[in-house]
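Asker: Need a 3D model of the sequence below.
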Amino acid sequence: MSKKANKKDHINQRKWLAIIFVSTFALSAVFNMLSTELVENVNNIIISAVLLVFVVAVGICFDLIGTAVTAASDVPFHAMASNKKKGAKEALLLIKNADRVANVCADVIGDICGVLSGAISALIAGNVAKMLGQKDITLTTLLVTATVTALTVWSKGLFKQIAIKNSTRIISFVGRVISIFHFKSK
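Answerer: Numbering: from 1, shown residues only. Sure thing, here's the model as predicted:
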């Protein structure tokens, strides 16, 4: 690789990292604010728990996609693209940019969901402790957040195995979903 091409790659990488930093900061701030407001104002443990499960599930799904895209081979998608299978071109684009796709899915979205689930867990624990009349919420918060964290990490570990073994099917599905929103210009 020439020095000029290497320098261009380095500049592109720095731009990518700057974009990721700014967008992660903005998304995290917005989602954290929205979820905190919702949990604090709802005062309904069931609704808060549903929000928590949703956030954890989103994090797990995007972690699954991030893992699958790094494990997927482009070979079956070239065949699918030549047969004009819906989503094959999008799948190839995902695999071509696997490092960035994995970064966005597993790191940006996955980590934001992890932080949000911790914050929501702490808020739920605080609400549970208030309902039980506890003055010191430390133990309740510890138990709730540790349980949510352990279940999340366990689920991600389980789904990583699934993502690796079924990477072609997963990326094919994601490619088809993306193709729905991919409009061709005339």
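
Asker: what comes up buried for the longest helix belonging to the chain?
Answerer: When the chain is parsed with DSSP state H, its longest helix is helix 3-42. By neighbour count, with 16 or more other Cβ atoms under 10 Å as the criterion, the buried positions of helix 3-42 are 24, 28, 31, 35, 39. Using the backbone N, CA and C atoms, a C-beta is placed for each residue, glycine as well.

Asker: Let's have those residues in a markdown table, adding distance to Thr152.
Answerer: What follows is these, written out as a markdown table (distance: Cβ to Cβ, whole Å):
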| residue | distance to Thr152 |
| --- | --- |
| Thr24 | 19 |
| Ser28 | 17 |
| Phe31 | 16 |
| Ser35 | 15 |
| Val39 | 17 |
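
Asker: of all those, which comes closest to Lys15?
Answerer: The nearest member of the buried residues of helix 3-42 to Lys15, counting by Cβ to Cβ, is Thr24 at 14.8 Å.

Asker: Tell me the predicted confidence for that closest one.
Answerer: Model confidence at Thr24, expressed as pLDDT, equals 82.

Asker: can you pull the contacts of it?
Answerer: 108, 111-112 (Cβ atoms under 8 Å, 6 or more residues apart in numbering).

Asker: and if you look at Ile162?
Answerer: If you count contacts by Cβ under 8 Å, 6+ apart, then Ile162 has Leu64 around it.
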